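In: predicted structure and sequence below. I'll ask about it afterward.
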Amino acid sequence: NNVLNSDLGKMMIIVLTGVFLVLILVTRSFWTPVFITLSLLGTYYAAMFVTNSLFIDILHYPGISSFVPFFAFLSVVALGVDYSIFLMMRFKEYKDLTPKEAIVTASKQIGGVVMTAAIILGGTFATLIPSGMLILIELAVAVIVGLIVLSFIMLPIFLPATISLIDKLSKSNLRVTPLQPSTEND
């Protein structure tokens, strides 16, 4: 447990740093990757909270497998960053709109696709539940909860709200660089 917890912490730092740097290159922004990274962390911790609550508090297991947080983190972050990049690429297409209008439009445009993909992937992970292997059941629950949080809270609510907040702060007299959808030639 101690080794796995130590490795999980190191892996989280390495993965999130890598994801953050790639997002900076993709979005050509600083704040958007910050908020995407925060949404990925929030999604992971929400998924682990629900998983722990279900198996420990409700089903009265002594704990969850040490491997579940490690593989759940990798799965949730990989899926989350993929969906987030898809959203941000659509956001950049609406350079003629305000950032708030652009992110809302982008969210509406890709919402059905992301939710459908999340449902299909959630169903795929749900096939692990009848296996009878506790580690696979716990992993399936963690990833399914992560997909739900990501698809129904983080991408359609959290990211648009934070992008709108940055836009609003930039219009006030605070020193915040506004986000602008841009073309790939920028």
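Out: Yes, it's here.
In: and stretch 20-31, what's its mean pLDDT?
Out: Confidence for stretch 20-31, expressed as mean pLDDT, is 88.
In: how far is that stretch from where the chain is centred?
Out: Computed by Cα atoms, centre = their mean, to the nearest Å, the separation of stretch 20-31 from the middle of its chain amounts to 15 Å.
In: and what of stretch 117-135?
Out: In terms of Cα atoms, centre = their mean, the centre of stretch 117-135 is set 19 Å apart from its chain centre.
In: ok, now stretch 15-34?
Out: The gap between where stretch 15-34 is centred and where its chain is centred comes out at 13 Å by Cα atoms, centre = their mean.
In: send me it as CSV with only the CA atoms.
Out: Listed next in CSV are the C-alpha coordinates belonging to stretch 15-34 (Å, rounded to 0.1, in the frame of the first residue of the first chain):
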residue,chain,number,x,y,z
VAL,A,15,0.9,12.7,-15.9
LEU,A,16,-0.8,16.0,-14.9
THR,A,17,2.4,17.9,-15.8
GLY,A,18,2.6,16.2,-19.2
VAL,A,19,-1.1,16.8,-19.8
PHE,A,20,-0.8,20.4,-18.8
LEU,A,21,2.1,21.0,-21.1
VAL,A,22,0.3,19.3,-24.1
LEU,A,23,-2.8,21.3,-23.3
ILE,A,24,-0.8,24.6,-23.4
LEU,A,25,0.5,23.6,-26.9
VAL,A,26,-3.0,22.6,-28.1
THR,A,27,-5.0,25.6,-26.6
ARG,A,28,-2.2,28.2,-26.8
SER,A,29,-3.5,29.5,-23.5
PHE,A,30,-2.4,29.2,-19.9
TRP,A,31,-5.7,29.4,-18.0
THR,A,32,-7.7,26.9,-20.1
PRO,A,33,-5.2,24.1,-19.3
VAL,A,34,-5.2,25.1,-15.6
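In: how about it: buried residues?
Out: Of the residues in stretch 15-34, those with enough neighbours to count as buried (16 or more other Cβ atoms under 10 Å) are 15-16, 19-20, 23, 26-29, 31-33. Placement of C-beta: from N, CA and C, glycine included.
In: stretch 72-83 now?
Out: Buried residues in stretch 72-83, counting neighbours by 16+ other Cβ under 10 Å, are found at 72-73, 75-77, 79-81, 83.
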